[in-house]
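In: would you be able to build a 3D model of this:
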Amino acid sequence: MRWRTERMDRGKGINNGDLKRRNRGLALKLIATGESNTRTGIARASRLTKMSVSNIIDELIQKDLIVEGEQERGEQQGRRPLSLEFSPKAPKMIGVLINREYCAAVLCDFHLNVIRTERREMDYHEKGWLLENIYGLIDSMLEVEKNILGIGVASIGPLDVVRGMILRPPRFYGIRDLPLASLLKERYGLPVFMDHQYNSAARAEKLFGCGKEFSSFIFVGITNGIGAGIYLDGGILQNRAGLGSELGHISVDYQGNLCDCGSRGCVETYAGTNAIVSRVEAATGKKMTFAECCAHSHEAVIRRILTEALEKLSICLVSVSNLLNPEAIILGHESVKLPEEFLKEMESYINRYKLSEDSGESHIKLQKPYFGEDSQLVGAACNVLAQAFEGKLLFE
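Out: Okay, the predicted model is just below:
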């Protein structure tokens, strides 16, 4: 395994002509994420000289990316520094989310603010349908905004991120080896950046959400499958082909339930939403959604089923925590519907059974994402922004 190239919490500008594009990307990142919105603040945060920052900002203004706000007189003597804002002419980002239940698209600005979203349910499951609806979603975003920096894709895996391919996701209607990135580049003539949906969510949470305060965390997405995006020491954990973690296929019982992947005891066969609602239906005779199960978690039978499922997931997360020692675990996707009491029970369990002593610094926080159930969707657009913040877009 190796770290992905973006170093989102380590980026410090260096006064070197060879790093010109990187320094410009860093300035964009500081403004976009709210870390600094003045020339002086950017110089302080980036460790660039004031003259270098001034040259960068002047160039960004010339490119219609940044504008300077009006100067205001403060209560103390002197004037406040001019604030930097993104220009209305700055390009936008399109994000596309692909999972088993639906496809969705989002149009975002440089602050990852959502301008427009659209969603299409998976009602006809084959490659042609998938492409037709992805194209339709992107076309719909382009009707609103023509000035697009790039298209980001967040998809179920496994993926080959380097080649931009959806490989062979289990239970994905036979769709396999789909070169989606190249198809989108050919159709739209735009840069396309593709990653796993939970890596994308982790990236969005790190840059704009609750991951800002952590140097290492795991984003765990729970739906009919379970996946994770792992952010460690400045980067997303993936191998050279872009293959990431498949947390849902960690076994918690080698003689347990048979999984679609061929192994036994995979945690998603116990704690995935499909597994939970199936158990609830078998126990109560009621066909309920996962959200409805959470809403009725006060009922003894449903509470027992949820508790048992989340205990299996907690056992898995103890093992992962012992391996990676994250500062936090962010539970996303459908798990945002879980009542807080279940998260507190899971946090207590993980910290009680992990190997390292549960002290102030080593205590692992368990929380819901800043972007809620939309983390994967805005994460798709964030895949484009992350490239811009590395200086790999906009600057020649």
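
In: just the helices in the stretch 51-200 of the chain please.
Out: Assigned by DSSP state H, counting those that start in this stretch, the helices in the stretch 51-200 of the chain fall at 127-144, 180-188, 197-208.

In: domain assignment for this protein?
Out: 2-86, 92-201+375-389, 210-369 (automatic domain parsing).

In: tell me which of these is the most buried.
Out: Ranked by mean neighbour count, the domains of the chain are led by domain 92-201+375-389 with a mean of 20 (mean count of other CB atoms under 10 Å). Any C-beta I mention is one placed from the backbone N, CA and C, and that applies to glycine too.

In: rewinding a little: of all the helices of the stretch 51-200 of the chain, which one comes closest to K368?
Out: Relative to K368, the nearest member of the helices of the stretch 51-200 of the chain by CB to CB is helix 197-208, separated by 10.4 Å.

In: check which element follows the closest one along the chain.
Out: Once helix 197-208 ends, the next helix or strand along the chain (criterion: DSSP states H and E) is strand 216-222.

In: pairing partners for the helix or strand following that next one, with directions?
Out: Per DSSP H and E, the first helix or strand lying C-terminal to strand 216-222 is strand 226-232. Strand pairing for strand 226-232, determined by DSSP bridges: strand 216-222 (antiparallel), strand 235-238 (antiparallel).

In: let's have those strands in a markdown table, adding mean pLDDT and distance to L30.
Out: Formatted as a markdown table, the strands paired with strand 226-232 follow (pLDDT from 0 to 100; distance: least, CB to CB, whole Å):
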| stretch | mean pLDDT | distance to L30 |
| --- | --- | --- |
| strand 216-222 | 96 | 21 |
| strand 235-238 | 86 | 19 |
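
In: with adjacent residues omitted, what lies nearest to L377?
Out: In space, L377 comes closest to L97 once its chain neighbours are excluded; the distance is 4.6 Å by CB to CB, 6 or more residues apart in numbering.

In: residues touching the one you found, list them.
Out: Going by CB atoms under 8 Å, 6 or more residues apart in numbering, L97 touches C103, A104, A105, V106, A154, S155, Q197, Q376, L377, A380.

In: then S140?
Out: S140 neighbours (CB under 8 Å, 6+ apart): A105, R116, E118.

In: what about it, distance to G157?
Out: Counting by CB to CB, to the nearest Å, the gap from S140 to G157 is 25 Å.

In: same check on L310?
Out: On the measure of CB to CB, L310 and G157 end up 23 Å apart.

In: who wins for proximity to K92 among the strands paired with strand 226-232?
Out: strand 235-238 (23.4 Å).

In: can I get the CA coordinates of that closest one in PDB?
Out: Output of strand 235-238 as PDB, limited to C-alpha atoms (Å, rounded to 0.1, in the frame of the first residue of the first chain):
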ATOM      1  CA  GLY A 235      -3.200  11.000   2.600                       C
ATOM      2  CA  ILE A 236      -5.800   8.500   1.500                       C
ATOM      3  CA  LEU A 237      -4.600   4.900   1.900                       C
ATOM      4  CA  GLN A 238      -4.600   3.100  -1.500                       C
END
